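Novice: Need a 3D model of the following:
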Amino acid sequence: MGTGLLTHSLCHLHLTASDSPESPERISAVGDRLFASGLTQAFEIIETRREATREDLLRAHTAQYIDFIQSRVPPDEKQVVMISEDTGIGKYSYEAALQSAGCVLEACDRVVRGELNNAFCCIRPPGHHAHRDKAEGFCLFNNVAIGALYAREVLKLQKVAILDIDVHHGDGTEDIVKDRDDLLLCSWYQEGIFPNITKTRWPANVHARALKAGSTGDEACQIIRSEWGPVLQAFQPELIMISAGFDAHANDTMSALDFSDLDYAHITRIINDIAKTLCGAKVVSVLEGGYEPRSLSRSVVAHIRTLADL
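Specialist: Have a look, this model is predicted:
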């Protein structure tokens, strides 16, 4: 047992628009930083080719949406087709999305069976802006929601919690899991940026908090302790999943928050401690945002070091 690091080779072949910040360089930067840190021997590195099945996808998405994504795949390796204002796909994007979701399913299997203490899925395309029936925010299929529903319906867990620490609210995840009493979503996000959340009332199983520009990691840690902690204690999840975005970092141009590498270690430590108390430390973390490669790679290393109690 230990911490698993799951990924797949198609992460690098999923093409997006040439000016998109969601690029293969993100995955390369994380891999290079891990190698340079000397930590690769501390984790079980698993490169899986597992693909989410249509049945897996249908738990979170409509059949029409799945067919739409597949139908838009271009034949040319260098071509990118835009399927929303900000989301493009290339020749290998559909397969990459299936394998990203498959990585999360594999992580859920191994953590729930006790083969791993916890896991981090270093994957792209990301997922938390993918709604039941539409793509946006660089996301095709909602990896975390697919994993949570798989854990419920196939692995037979009674309750699963999703903690979204990306700087952008996981509106796609909310769309898929809202109003269920077996799934919980806790999210913080920077106000006034994509996806431009204006509402103040939330579904009963969604606990979301807006952060003002300039907010620090200390404020995020306090939200977990004082707000998410009691909610999780009352909910009693058997598995905690993390939508692990690192774009609240001070160096990331996609936001105006002021998190540091160390803040991500603190955030992970608090979540880890909660998971140890409530669900035997069972955590599956899934890469979402983080678009400045250097700060992303440093923050991911801080995150998985802490997951592994190093």
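Novice: buried ones in stretch 59-76?
Specialist: 59, 60, 61, 65, 66, 69, 73 (16 or more other Cβ atoms under 10 Å). (Glycine included, C-beta is placed from N, CA and C.)
Novice: so the last one sits right up against residue 89, yeah?
Specialist: Yes: counting by Cβ atoms under 8 Å, residue 89 is a contact partner of residue 73 at 6.2 Å.
Novice: Need the overlap of contacts for the two.
Specialist: residue 81 (Cβ atoms under 8 Å, 6 or more residues apart in numbering).
Novice: In this protein, mark out all the helices, start to finish.
Specialist: Here the chain has its helices, by DSSP state H, at 25-37, 54-58, 63-71, 93-112, 143-153, 171-177, 217-223, 229-235, 261-278, 293-307.
Novice: May I see those helices arranged in TSV, with mean pLDDT as well?
Specialist: Formatted as TSV, those follow (pLDDT from 0 to 100):
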stretch	mean pLDDT
helix 25-37	96
helix 54-58	98
helix 63-71	98
helix 93-112	98
helix 143-153	99
helix 171-177	98
helix 217-223	98
helix 229-235	98
helix 261-278	98
helix 293-307	97
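Novice: Indicate which one of the ones you listed is closest to residue 85.
Specialist: Judged by Cβ to Cβ, the one of the helices of the chain that comes nearest to residue 85 is helix 171-177, at 14.5 Å.
Novice: between the buried residues of stretch 59-76, which is nearest residue 228?
Specialist: residue 60 (22.8 Å).
Novice: For the closest one, give me its contacts.
Specialist: 132, 141, 142, 145, 146, 149, 176.
Novice: Can you select the buried ones among those residues for me in ChimeraX?
Specialist: To isolate the buried ones among those in ChimeraX, judged by 16+ other Cβ under 10 Å, type:
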select :141,142,145,146,149,176
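Novice: Now distance to residue 196 too, for the contacts of residue 60, in JSON lines please.
Specialist: Below are those laid out as JSON lines (distance: Cβ to Cβ, whole Å):
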{"residue": "132", "distance to residue 196": "19"}
{"residue": "141", "distance to residue 196": "22"}
{"residue": "142", "distance to residue 196": "19"}
{"residue": "145", "distance to residue 196": "21"}
{"residue": "146", "distance to residue 196": "25"}
{"residue": "149", "distance to residue 196": "27"}
{"residue": "176", "distance to residue 196": "19"}
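Novice: Which member of the contacts of residue 60 is positioned nearest residue 25?
Specialist: residue 141 (21.7 Å).
Novice: do you know how far that closest one is from residue 147?
Specialist: Taking Cβ to Cβ, to the nearest Å as the measure, residue 141 falls 11 Å from residue 147.
Novice: Common neighbours of those two, please.
Specialist: Shared contacts of residue 141 and residue 147, counting by Cβ under 8 Å, 6+ apart, come down to residue 101.
Novice: hang on, the earlier thing: of all the contacts of residue 60, which comes closest to residue 253?
Specialist: Taking the contacts of residue 60 together and measuring to residue 253 by Cβ to Cβ, the closest member is residue 142, at 24.9 Å.
Novice: I appreciate the help and will end here.
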